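>>> sequence first, then the predicted structure, then my questions.
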Amino acid sequence: MRWRTWFIYAGIVWTLFFAFMSFYWAAGGMIGVKSLGGQIYQMALNRDQEFIPIVWATGVVKLGGVLLLFCLMRKGSSRLKISKWLSIMSMLAGIFMILYGVGNFITISFSAIHVLDFDLEPYAIKWRLLFWEPFWIVGGIFYVLAGYGKKSN
């Protein structure tokens, strides 16, 4: 299915961009960090030495998604069970990302209307609602659709 291949490639690009952001921030880059807000922004601003290895690790974990998506493109009927498990893993990862984005969108929206109290300044709330949470949801959709359907030969 051509559409499935498109979603695999879109997921790979999405994941590489997402991993690049982690590596950039771990290396000391500050563009975009303020948009995350709260404790994450403070730890990045202070170059918290316990936090930096976690940021590097998140970049590496994100690259695992690239490996998963590449494996979905492998051809060969002898690996049918592996292919099925890879598809399931991709869909589960995508569902998790969608739920994470939607859950954050809802709770941050409640914070924006002062129903919940988070340590997020208005700048971070705006960027989380307009970019970060939709970004998670879009990535999740890519992973679900990349894993969905039968693999073409």
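Perfect, I can see it now. Numbers count the residues shown, from 1 in each chain.
>>> can we go C-alpha only for contacts and neighbour counts from here?
Will do.
>>> quick check: which element contains the residue nearest the centre of the chain?
In the chain, the centroid-proximal residue (Cα atoms, centre = their mean) is residue 136; its distance is 5.0 Å. Here residue 136 sits within helix 133-147, counting by DSSP states H and E.
>>> run the chain-centre distance for that helix.
8 Å (Cα atoms, centre = their mean, to the nearest Å).
>>> residue contacts, residue 70?
Residue 70 is in contact with 8, 12, counting by Cα atoms under 8 Å, 6 or more residues apart in numbering.
>>> not counting its neighbours along the chain, what's nearest residue 71?
Leaving aside its sequence neighbours, residue 71 sits nearest to residue 86 (Cα to Cα, 6 or more residues apart in numbering; 7.4 Å).
>>> quick one: low-confidence ranges for this structure?
Confidence mapping of the chain against pLDDT under 70 gives the ranges 1, 76-80, 149-153.
>>> for it, what's the longest helix?
The single longest helix within the chain, with elements called by DSSP state H, is helix 80-112.
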